[in-house]
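Student: any chance you can model this:
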Amino acid sequence: MADSERLSAPGCWAACTNFWRTPKGILLFAEIILCLVILICFSTSTSAYSSLSVVEMILAAVFFVIYMCDLHTKIQIINWPWSDFFRTLIAAILYLITSIVVLVERGNSSKIIAGVLGLIATCLFGFDAYVTFPLRQQRHTAAPTDPSDGPV
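Tutor: Numbers count the residues shown, from 1 in each chain. Now for the predicted structure:
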């Protein structure tokens with residue numbers, strides 16, 4: 001039993017780490033890191049806007065684990081492409097609103113840096129929403145045009 005677990009572990013680890021190299025894995029990892037940096041900047045200036053960064057960082061980490069462990073193919077009860085699309089779309093809108101409010105308020109330098117990074121996060125989450133839009137990913141093929149009644 002231990003031998004079979006040991007033999008399957010490298011394959012499982014390779015499958016999990018292969019996700020890091022995909023475009024979606026890079027996007028999710030960048031979202032996690034950017035949310036962490038924004039959280040640090042907001043925490044040093046004010047704690048009023050840090051909840052958005054915490055929630056989005058946790059959601060990005062959850063989706064990262066779900067995609068990395070290939071759970072989106074095993075758990076069919078949730079429509080994962082639409083869930084991911086709405087997560088990123090809502091994050092982009094909320095980061096845009098929060099960044100505009102923070103930059104208009106004109107606080108200390110870490111608050112301004114957080115506002116600028118929030119605008120960058122808006123672009124990142126918006127790009128992720130564009131890439132993961134489910135209807136964009138569906139490819140329609142032409143129906144066969146063989147006449148069934150004979151030559152026309």
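Student: list the contacts of C35.
Tutor: Contacts for C35 were tallied using C-beta atoms under 8 Å, 6 or more residues apart in numbering; they are S53, V54, E56, M57, A60, A121. Bear in mind the C-beta positions are built from the backbone N, C-alpha and C, glycine included.
Student: roughly how far does T88 sit from S47?
Tutor: 25 Å (C-beta to C-beta, to the nearest Å).
Student: so those two - more neighbours on which side?
Tutor: When T88 and S47 are compared for neighbours, T88 comes out ahead with 27 against 10, by other C-beta atoms under 10 Å.
Student: quick check: that one touching T122?
Tutor: No - counting by C-beta atoms under 8 Å, T88 stays clear of T122, with 10.6 Å between them.
Student: tell me the centre residue of the chain?
Tutor: A centroid search over the chain (C-alpha atoms, centre = their mean) returns L28, at 4.5 Å, as the residue closest to the centre.
Student: and the longest helix for the chain?
Tutor: helix 80-105 (DSSP state H).
Student: any idea where the helices of this structure begin and end?
Tutor: Using DSSP H, helices in the chain cover 2-18, 23-45, 50-68, 71-74, 80-105, 109-131, 134-137.
Student: buried stuff in the longest one?
Tutor: With burial defined by 16 or more other C-beta atoms under 10 Å, the residues of helix 80-105 counted as buried are 80-81, 83-85, 87-89, 91-92, 94-96, 98-99, 102-103.
Student: so which other helices or strands are in contact with that helix?
Tutor: helix 50-68, helix 109-131, helix 134-137 (3 or more C-beta pairs under 8 Å, 6 or more residues apart in numbering; DSSP states H and E).
Student: low-confidence ranges, the protein, go.
Tutor: 1-12, 15-16, 136-152 (pLDDT under 70).
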